[in-house]
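K.L.:
Starting from these lines, generate the structure:
(chains A and B)
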There are 2 protein chains.
Amino acid sequence: MALIVHKYGGTSMGSTERIRNVAKRVAKWARAGHQMVVVPSAMSGETNRLLGLAKELAPSKADSAYHRELDMLAATGEQASSALLAIALQAEGMASVSYAGWQVPIRTDSSYTKARIESIDDAKVRADLAAGKVVIVTGFQGMDEVGNITTLGRGGSDTSAVAVAAAMKADECLIYTDVDGVYTTDPRVVPEARRLSTVSFEEMLEMASMGSKVLQIRSVEFAGKYRVPLRVLSSFTPWDIDLTEEAASGTLITFEEDDKMEQAIVSGIAFNRDEAKISVLGVPDKPGIAYQILGAVAAANIEVDVIIQNVSKDGKTDFSFTVHRNDHTRTVELLKDKVLPALGAAEVVGDPKICKVSIVGIGMRSHVGVASTMFRVLSEEGINIQMISTSEIKTSVVLDEKYMELAVRALHKAFGLDQQAA
Amino acid sequence: MALIVHKYGGTSMGSTERIRNVAKRVAKWARAGHQMVVVPSAMSGETNRLLGLAKELAPSKADSAYHRELDMLAATGEQASSALLAIALQAEGMASVSYAGWQVPIRTDSSYTKARIESIDDAKVRADLAAGKVVIVTGFQGMDEVGNITTLGRGGSDTSAVAVAAAMKADECLIYTDVDGVYTTDPRVVPEARRLSTVSFEEMLEMASMGSKVLQIRSVEFAGKYRVPLRVLSSFTPWDIDLTEEAASGTLITFEEDDKMEQAIVSGIAFNRDEAKISVLGVPDKPGIAYQILGAVAAANIEVDVIIQNVSKDGKTDFSFTVHRNDHTRTVELLKDKVLPALGAAEVVGDPKICKVSIVGIGMRSHVGVASTMFRVLSEEGINIQMISTSEIKTSVVLDEKYMELAVRALHKAFGLDQQAA
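P.N.:
Below you'll find the model as predicted:
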C-alpha cells in the first residue's frame, strides 16, 4: 500500500463523461489498496471564461485589490471541478471528500494571481485517508496569512499536486495529462522522437524552460527541492488498463542519478521560436555596458533570455540578447531612443526570425565534446550559428528560424535519440 | 449617513452589463455618504448549470457526503458573482472587497443544502466600511463549525442579506429584484392590482407562504425576528434615478403597526393552484382519527397544508386536507392501501383540480365580519366553497380551480384594493 497523489489537467476534467473516467481510474487505484489524494484542475475553458468576464468589467486594472478579486473569481473553477470529482467518486461507490485550498489549509504568501506555497497542513487529509476516503485537494489555490484566497498562476495545479505530495511524503505524484510522457523532442517535428521512461529533474527543468510544456516549471523545481518522485502520463489510456502497466507508463522524473542516466549523454532536444534577437553593435568596451543596456530593458519589464557579449575589437564590442518575440519592437525602440545616445553605440539591430535549439542532458556534465558535436552537426547541415549559450547540462544555439526543424532532426539523429536506450 | 444592505438577485447579476449597472447603483449610494454592504446572488442560470453537472454524475445520491459536495459546488456561483461585482465597483473607481461566506465568517449548522445561519462575525466588514470600502458579502452560503462550506437553500441570498443586516443593525435592507414591490394581488390576474407602499412582516409571511414569491419566506421570518426594516424594489429602474426617489420606491416591510396599517383591513389576495384536496369520507368519529390519517401521510414525507374535520353525523365524520398537487396520487393510494382498512372508513376521494384563495390583512385582527364579507362575495359570484381555513390575519378558501381568477378579481374589488390607500 502506497500513498499516491494524482493530478488531472483541465482537458482530463473537461466534461462530466471525462470526470467519470477520472473517478473510475482513481477508484481502481484506491481499490488496489492505495491511499489516494487527487488534485484536479478546473474544467477546460472555465478559467478563461471567468477571467473573460472580469476583463469585460475592468479591462485594465492592475492594483492588488483587483488581483485579490481575480483570485476569488478564478479559484471557483477548481473548487467546482473538485466537488464534481468527489460526487463522481461517490457515484462509483467510493467514499470521498473535497477540500478547497483554504480548507486544507494550503498556506501561501499574498502575491495574488502568482502566489507561492508556504506550508500545507495535512492533518485533515491524513484523517480522511485513514478513514478510507479518497481526498480531493483543490488545485491552483491557497489562502494567505489573513484568510484571503490566492491562486498560484497558470498551471498552478501541477505545483499544488507536487506540494501536497511533498508535504505528505507521498510515494509518487502522477501528473495525468494529454501527452503520454516526456519525449526526446517534439514528435511533430521528429517522427522518430522517443518517449523517455525516466528523465532527471534537472533535465526536466531545462526542457520545461526551453518550451517543452509538459509540466509547469515551478512544479518541477518543487519536486526537485523536496525529492518528490514525479511521473507524467496520459489520462487518455482506458481507465481500466492494468494498474501495474499504468503505474509504469509515461515518464518518471527522478532526482537520483542512477546508472541508466549516466549512459545517456543527451536526453532531449528542446526548441522554440518565441524569441527575437537584439544586437547593439559598436559599443565602447568599458565597465557598466551590460548594466546600461539591460538595466533599461529590465526597467521596462522586458524579460531577457540568452545574453552574449563578444570579445572586444578596437575598443568596441557587440552586445546581443534575446527577448520574447512580442517584445521585439518595443525593445528596439527603447534602445534606439533611450540607450543608444547615452552609450555612444553605433547601431541597434533586431531580428525576430530566429529560433533557439538546445541539447539537454545530465550526462554532459561528465562528457566533454558534446557541444562540439552539436556544432559539427549543424555545420555539416550548412546551418549558421548566430549565438551560443551553455550551462552545465544544456547547450543552446540561436539560428535562423527557417533551419529549426532541420537542426532538431539532425541533432536528434546525431545523438542517437531515435535508438531505444540500452 | 446610514448603514445600508443591498441584495441583488440572479437576474440583476445576469450579465456583465447588468453587473456594471449594479456597481453604478451601489456607487451612487456610497457616494451619497452611506456605508454599503452588498449581497449578490449567482448569475442567473449558474446554480442550475452547476447542479445539472452534479446530476449527470450522480442522479440519485441523497447522503450527506453527497450534499456536502453539492454545497462545495453550488457555493462557487455566488463567490464568482461577488468577485465580479467587486471588480465592477473598482472599475467605477469605488474601493471594494468581496468575502466568501467562510471569510466573514457566516456560521451555520451542518445541514448541507439547507443550512441555518447561527452567527455572523461582522468585525472584518466593519473595518472595511470604516476604511471607506464597499463590502460584498457572498450570499447563499456559510461555514459550519468544522469548516465545511454550507448553502442556505434556494433563495438563500435573501436570508443572507437580512441576516447580515440584522447582525450589523443596518438601517435598512433593500432587496432589489425583478418586480417593483409587493402587490395587493398578482397583476397578471387583476390588472387593477396596486403596489403596497408598506406591508407588515406578518402579512408578508402569509403572502410569501401563499405563493406570492417575491421573497424567500425564511428571510421574512428573519427580518421579523430581528426587526430589520426590509424593502423590496426593482433593480430595473435606471441606476442613476434620484436616490431619494429610489429609497422610497418599492414596498417597505415593517414590524411596527402604525396608523396606516390599522386602516387597511385586507392588504392583499394570495392564491395558488399547487394543491390537491384529499377527503376521507365516512370515518367513525372517535379519538385518534386525525393521527391515524395524517400520521401515515407524514411518515411518507408528504406535506399537508389545510386540514378540515366536519362535524360528526350519525357517529361518522368526513376528514379533508390538501397536499401538493404532485403528491396527490401517492397520497390517495397510500390512504386506500394502508389507512382505509384499519380505519373502517367508507371512501377516499382526491381532487387535484382545486385552488386556494386567501385574503390577508393584519387589520382582520380587530375587524369582525371580514371572513363573512369574503363568503358573501364568493356566493354572489356563484362560487361554491369547498374548504375554509382561518388564522388571525388570513382567511383561506379552497375552490374549484376554474373559479380562481374570478374569485381573486371579485375579492380584490370588494375589499377596495384597487383604490389608492388613504
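K.L.:
between the strand or helix carrying residue A:79 and helix B:64-91, how big is the angle?
P.N.:
Residue A:79 is part of helix A:64-91, with elements assigned from DSSP states H and E. Per axes from the mean of the first three to the mean of the last three Cα atoms, to 10 degrees, the angle that helix A:64-91 makes with helix B:64-91 is 160 degrees.
K.L.:
right, and the helix or strand after helix A:64-91?
P.N.:
Following the chain from helix A:64-91 toward its C-terminal end, the next helix or strand by DSSP H and E is strand A:96-99.
K.L.:
Flag every buried residue along the helix or strand following that next one.
P.N.:
Scanning the chain past strand A:96-99 towards its C-terminal end, the next helix or strand to appear is strand A:106-108 (assignment: DSSP H and E). Buried residues in strand A:106-108, counted by 16 or more other Cβ atoms under 10 Å in any protein chain shown: A:106, A:107, A:108. To be clear about C-beta, it is placed using only N, CA and C from the backbone, and glycine gets the same treatment.
K.L.:
Chain B: which of the residues you listed is nearest?
P.N.:
Taking Cβ to the nearest Cβ as the measure, chain B lies nearest residue A:106 of those, at 13.6 Å.
K.L.:
okay, and for chain A, where does confidence drop off?
P.N.:
In the prediction, chain A carries residues with pLDDT under 70 at positions A:208-213, A:256-264, A:420-422.
K.L.:
okay, now the domains of it?
P.N.:
Each structural domain of chain A that the record assigns through automatic domain parsing is listed here as a residue range: A:3-256, A:259-417.
K.L.:
Could you say which of the ones you listed is packed most deeply?
P.N.:
Per-residue neighbour counts averaged over each of the domains of chain A give the maximum for domain A:3-256, namely a mean of 21 (mean count of other Cβ atoms under 10 Å in any protein chain shown).
K.L.:
Residue most distant from the centroid, chain A?
P.N.:
Most distant residue from the mean C-alpha position of chain A: residue A:314, 43.1 Å away (Cα atoms, centre = their mean).
K.L.:
nearest to chain B, of the domains of chain A?
P.N.:
Once those are compared by Cβ to the nearest Cβ, domain A:3-256 is nearest, at 3.7 Å.
K.L.:
about what we covered before: among the buried residues of strand A:106-108, pick out the one closest to residue A:360, please.
P.N.:
Nearest to residue A:360 among the buried residues of strand A:106-108 is residue A:108, at 30.6 Å by Cβ to Cβ.
K.L.:
which residues touch the closest one?
P.N.:
If a contact means Cβ atoms under 8 Å, 6 or more residues apart in numbering or on different chains, then residue A:108 has A:115, A:116, A:117, A:118, A:142, A:143, A:144, A:150, A:152 as its contacts.
K.L.:
quick one: which of the residues you listed sit in strands?
P.N.:
The subset of the contacts of residue A:108 located in strands under the criterion DSSP state E comprises A:117, A:118, A:142, A:143, A:150.
K.L.:
ok, and of these, which contact chain B?
P.N.:
Restricting those to those adjacent to chain B (criterion: Cβ under 8 Å from any Cβ of the partner chain) removes every one of them.
K.L.:
What's the separation between residue A:305 and residue B:100?
P.N.:
In this structure, residue A:305 and residue B:100 are 40 Å apart, going by Cβ to Cβ, to the nearest Å.
K.L.:
where do the helices sit along chain A?
P.N.:
Here chain A has its helices, by DSSP state H, at A:16-31, A:46-57, A:64-91, A:123-130, A:156-167, A:201-209, A:217-226, A:243-247, A:259-263, A:289-299, A:328-334, A:340-343, A:370-380, A:404-414.
K.L.:
Select, out of those, the one closest to residue A:309.
P.N.:
Of all these, it is helix A:289-299 that lies closest to residue A:309, at 6.7 Å by Cβ to Cβ.
K.L.:
Return the distance of the closest one from the chain's centre.
P.N.:
Centroid separation between helix A:289-299 and its chain, computed with Cα atoms, centre = their mean, to the nearest Å, is 27 Å.
K.L.:
Run through who's touching it.
P.N.:
Contacts with helix A:289-299, where a contact means Cβ under 8 Å, 6+ apart, come from A:280, A:283, A:304, A:307, A:309, A:317, A:319, A:321, A:323, A:331, A:334-335, A:338-339, A:342-343.
K.L.:
I'd like to know which of the residues you listed are part of strands.
P.N.:
The members of those that map onto strands under DSSP E are A:280, A:283, A:304, A:307, A:309, A:317, A:319, A:321, A:323.
K.L.:
Could you export the domains of chain A as JSON lines, including distance to residue B:233?
P.N.:
Conversion of the domains of chain A to JSON lines gives the following (distance: least, Cβ to Cβ, whole Å):
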{"stretch": "domain A:3-256", "distance to residue B:233": "24"}
{"stretch": "domain A:259-417", "distance to residue B:233": "47"}
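K.L.:
quick one: which of those is nearest residue B:48?
P.N.:
domain A:3-256 (13.5 Å).
K.L.:
That closest one: how far from the chain's middle?
P.N.:
Centroid separation for domain A:3-256 versus its chain: 13 Å, with Cα atoms, centre = their mean.
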